[in-house]
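S.K.: coords below, sequence missing:
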């Protein structure tokens, strides 16, 4: 049964949460520009920029990507240079987190969705995701995309909270075997066929199975997002077609869903800066 009060609260909170994500992105952009770290807006964030000029109206997350070397540098530098109200969340900085992806979180907020474990005391502030890209297999890319997605699904399943049941036991064995097997297939295909002409997000985050021609990403360009310019792939339309197919088509109303269960854009009122 849907709670109409909760749904109305989520709808009213969404725009404030989006603007807080934008603040996080601006802080990340500053660090990246200072240290010549290359990144680009990713996934639904890029789709929103292309189709709506900003956030997709019902979207409650923000994604950026970097090549692996920049990703490693960003993690090292951001821990020292983010504003005090923000936190770089990885499994090293927040060992209790259930997420593998690097997130930059706002500490004065709260967001929870179906993947969160609310019994665990990891940071749950509003966030943006930061994903690493690597060179990818250049052959059988459709198949390799499915293999990468299988790694992502298996890893997600293994990190969910499980109840005591035979179904859970089966799931742990099934995904426990599937994850290393698919990971090995990806690594072997990459070692045998990668030629630098194709790039892909780390398989642990590959929900969309996308393997991109390098020329669709580099050299980066800029795109307007919420009234500001941010780095974007060289051929954003082709990039989005690889991710979503007909990305210009707006989904029907019933599919325009906020994913998070609850969003609190601000926990404590803070005095305005002088």
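M.R.: Alright, I've got the coordinates. All values derive from a computational prediction rather than experimental measurement.

S.K.: drop to CA atoms for contacts and neighbour counts, all remaining ones
M.R.: OK.

S.K.: so, low pLDDT: which residues of the stretch 151-274 of the chain?
M.R.: The stretch 151-274 of the chain contains residues with pLDDT under 70 at 160-164, 271-274.

S.K.: now do the helices for it: every range, in order, please.
M.R.: In the stretch 151-274 of the chain, the helices defined using DSSP state H, counting those that start in this stretch lie at 166-193, 236-244.

S.K.: quick one: closest of these to residue 51.
M.R.: Of all the helices of the stretch 151-274 of the chain, helix 236-244 sits nearest to residue 51, with 10.2 Å by C-alpha to C-alpha.

S.K.: what's near enough to touch residue 209?
M.R.: Each residue near residue 209 by C-alpha atoms under 8 Å, 6 or more residues apart in numbering is listed here: 142, 144-149, 243.

S.K.: ok, now residue 6?
M.R.: residue 262.

S.K.: what of residue 188?
M.R.: Contacts of residue 188 by C-alpha under 8 Å, 6+ apart: none found.

S.K.: quick check: closest non-adjacent residue to residue 189.
M.R.: With C-alpha to C-alpha, 6 or more residues apart in numbering as the criterion, residue 189 has its nearest non-adjacent residue at 5.7 Å, and that residue is residue 137.

S.K.: next secondary structure after the host helix or strand of residue 29?
M.R.: Element membership for residue 29 (DSSP states H and E) is helix 4-34. Using DSSP H and E, the helix or strand that follows helix 4-34 in sequence is strand 40-41.

S.K.: surely the residue nearest to residue 189 and residue 202 touch.
M.R.: No. Using C-alpha atoms under 8 Å, residue 137 is not in contact with residue 202; the gap is 12.0 Å.

S.K.: and the residue lying closest to residue 64 once chain neighbours are set aside, what pLDDT?
M.R.: Using C-alpha to C-alpha, 6+ apart and skipping residues adjacent in sequence, the residue nearest residue 64 is residue 41, 4.3 Å away. pLDDT recorded at residue 41 is 98.

S.K.: what distance separates the start and the end of stretch 230-247?
M.R.: 20 Å (C-alpha to C-alpha, to the nearest Å).

S.K.: same check on stretch 33-43?
M.R.: First-to-last residue span, stretch 33-43, C-alpha to C-alpha: 21 Å.

S.K.: if we can go back for a sec, closest to residue 256 out of the contacts of residue 209?
M.R.: Closest approach to residue 256 among the contacts of residue 209 (C-alpha to C-alpha): residue 243, at 18.0 Å.

S.K.: for the closest one, list the residues it contacts.
M.R.: Applying C-alpha under 8 Å, 6+ apart to residue 243 gives the contacts 43, 208-210.

S.K.: ok so, going back, neighbour-wise, which one of the contacts of residue 209 leads?
M.R.: residue 148 (27 neighbours; other C-alpha atoms under 10 Å).

S.K.: tell me who's in contact with the closest residue to that one other than its chain neighbours.
M.R.: In this structure, residue 148 finds its nearest non-sequential neighbour in residue 203, 4.5 Å apart by C-alpha to C-alpha, 6+ apart. Going by C-alpha under 8 Å, 6+ apart, residue 203 touches 148-149, 151-152, 183.
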